[in-house]
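[1] Please find the sequence and the predicted model below.
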Amino acid sequence: MSVRWSDWAPNRASRDITIGVAFGIALSISFTSISTYIERRRRIEREKAEGARDYVPRPIELRSDEIVDGVVGLIGNTPLVRINSLSEALGVDILGKAEFLNPGGSVKDRVALKKDMKQVCKVPYSIPISHPNAQYNSAIIMPDDVAAEKERALLALGATVEKNLAKHRALEFGKTEMHTTDDSMVASTQGGPDKPRGFFADQFESPSNYQAHLQSTGPELWRQCSGRLDAFVSGAGTGGTIAGVGRYLKSQDKDVRVVLSDPEGSGLYNKIKNGVMFDVKEAEGTKRRHQVDTVVEGMQVVLGLGINRLTRNFEMASGMIDDAIRVTDKEAVAMSRYLVQNDGLFLGSSSACNLVACIKVAKELGRGKGKVVATILCDSGTRHYSKFWNDEYLEKAGIEVDVGIVEKMLKD
């Protein structure tokens, strides 16, 4: 069969045109895809440079889909919350681990899980909360400067509370006492059944404190950050939190900066900065009643942080803390009010102190560089009505409540 040129030529031309058009479309799509990809990559890089990060809201979820075993099951696995107002102002993600959501209202609940309550109690809240049916006659002896809210909470839980002379009262339990090589550690022996036995609640020296954070708080924080963390900020009272969490984070990434947040009156700042445990308020003629007495005689504002001696727990952080930040009373008070107004977070003095330090650390790392700074939100404001959240108390202490202090810090 013969094919005439007149029949073949147009068909071939049509085919070539069709192929050409298809090739052109494919090429156009390819270039469009490449262009879109390049533009997307540029946008992502710009967002990183500006410190922007997409946080897609998710439905509210339970911490776990399992039923926990009593109140003890509520301890730990606390959320990690992004402090939006601070993060957006700085171009640095400021994250807070919400330890105030523990059943006892603070980070101290974790330590209770590290000790058998039938043997020893290191945290006052742990006896009535962790073992409500253990038939303990809980007598809690505490310093006389503890906030009234904490005393009322213990009384509501069924404890008997005595203030002051803690070490002396502890020695009265039992006929036989055993003293460790460190005279700050005193505990009675487990004598006969006819007499109650007690323990000196010394969480400053107990290794359970450090271990609780090394084994739980640190791993939780690292997992929640997906291993993306540039700095960890924490205050120190006993030293257990910064030592335990800091040690774990350093074991995962040696470049994570561990920074101490220290209030006025505490000697830890100078210990880290200059190697000497000293604060100007300890100078001769200016020594005050309380170990960290930050304003006027007999009045404290930032509670729970700061100390003027080295504890066994803080020594576990030896050589690991990279820097220290001094935080004033006015800064901490201003931060607490700023967070209520801008984030709806009602926090206590320790949490506010930590977040002030976070701002300073974030600015050192560099604004808008997509860095991540995490801290511990130790306490809720509900434990601080009588002092930190009492404007009359602050006025007597000479502390003005000025949210502008934080606003200025964020702008400078």
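    Arrived safely. All figures in this text were calculated on a predicted structure; none of them were measured in a lab. Residues are numbered from 1 along each chain as shown.
[2] And the next helix or strand past the helix or strand of the chain with the lowest mean pLDDT?
    Least confident helix or strand of the chain, by mean pLDDT, DSSP states H and E, is strand 186-188 with a mean of 43. On the C-terminal side of strand 186-188, the closest following helix or strand by DSSP states H and E is helix 207-212.
[3] Skipping its backbone neighbours, what lies nearest residue 85 in space?
    Among residues not flanking residue 85 along the chain, residue 342 sits closest, at 3.9 Å (C-beta to C-beta, 6 or more residues apart in numbering). (Glycine included, C-beta is placed from N, CA and C.)
[4] any idea how far residue 78 is from that neighbour?
    22 Å (C-beta to C-beta, to the nearest Å).
[5] Also residue 214?
    Here residue 214 is placed at a distance of 16 Å from residue 78 (C-beta to C-beta).
[6] okay, the two: which has more neighbours?
    More neighbours surround residue 78 than the other of residue 214 and residue 78, with 25 against 20 (other C-beta atoms under 10 Å).
[7] On the three-state scheme, the more buried one is what?
    Secondary structure, DSSP: H, G, I helix; E, B strand; the rest coil: residue 78 is coil.
[8] Residue 228 too?
    Here residue 228 takes the coil state, with states given by three-state DSSP.
[9] beta partners of the nearest residue to it once chain neighbours are set aside?
    Closest residue to residue 228 apart from its sequence neighbours, by C-beta to C-beta, 6+ apart: residue 372 at 5.6 Å. Legend: beta-bridge partners of residue 372 under DSSP bridges are residue 93.
[10] pretty sure the residue nearest to residue 85 belongs to a strand, no?
    No. Under three-state DSSP, residue 342 sits outside any strand and is assigned helix.
[11] and it, how many neighbours does it have?
    17.
[12] what do you get for residue 395?
    Neighbours around residue 395, by other C-beta under 10 Å: 11.
[13] That one and residue 333: what is the separation?
    For residue 395 relative to residue 333 (C-beta to C-beta), the value is 11 Å.
[14] What does the pLDDT read for residue 389?
    pLDDT recorded at residue 389 is 89.
[15] ok, now which ones touch it?
    Residues near residue 389 by C-beta atoms under 8 Å, 6 or more residues apart in numbering: 336, 381.
[16] element containing it, please.
    Following DSSP H and E, there is no helix or strand that holds residue 389.
[17] so what's the backbone phi/psi at it?
    Torsion angles at residue 389 (phi, psi; degrees, to the nearest 10) stand at phi -100, psi 20.
[18] Adjust the sequence numbering to begin at 152 for everything that follows.
    All set: I'll call the first residue 152, so the last point we hit is now residue 540.
[19] How much space separates it from residue 491?
    Relative to residue 491, and taking C-beta to C-beta, residue 540 is found at 10 Å.
[20] which neighbours do the two share?
    Common contact partners of residue 540 and residue 491 (C-beta under 8 Å, 6+ apart): residue 532.
[21] name the helices or strands packed onto the helix or strand where residue 526 lies?
    Using DSSP H and E, residue 526 sits in strand 523-528. Identification of packing neighbours for strand 523-528 by 3 or more C-beta pairs under 8 Å, 6 or more residues apart in numbering; DSSP states H and E yields strand 244-249, strand 382-386, helix 500-516.
[22] What's the per-residue pLDDT of residue 458 here?
    For residue 458, the model assigns a pLDDT of 74.
[23] my read: it touches residue 418, true?
    Yes. Proximity of residue 458 to residue 418 meets the contact threshold set by C-beta atoms under 8 Å, at 7.2 Å.
[24] Report the contact partners of the residue lying closest to residue 254 once chain neighbours are set aside.
    Leaving aside its chain neighbours, residue 254 sits nearest to residue 225 (4.6 Å; criterion: C-beta to C-beta, 6+ apart). Each residue near residue 225 by C-beta under 8 Å, 6+ apart is listed here: 219, 253-254.
[25] Please report the distance of residue 225 from residue 232.
    Per C-beta to C-beta, residue 225 is found 17 Å from residue 232.
[26] again, but for residue 495
    For residue 495, the distance to residue 232 equals 11 Å [C-beta to C-beta].
[27] higher neighbour count, these two?
    Higher neighbour count among residue 495 and residue 232: residue 232, with 15 against 9, using other C-beta under 10 Å.
[28] For the stretch 452-563 of the chain, give me the ranges with low pLDDT.
    Within the stretch 452-563 of the chain, the stretches with pLDDT under 70 are 452-457.
[29] Span of stretch 538-549 from start to end?
    Terminal residues of stretch 538-549 are spaced 13 Å apart (C-alpha to C-alpha, to the nearest Å).
[30] An error on my part: the question was meant for stretch 530-537.
    15 Å.
[31] try stretch 367-381
    Note: stretch 367-381 ends 20 Å apart using C-alpha to C-alpha.
[32] List the buried residues in that stretch.
    Judged by neighbour count (16 or more other C-beta atoms under 10 Å), stretch 367-381 contains these buried residues: 367-369, 371-373, 375-376, 380-381.
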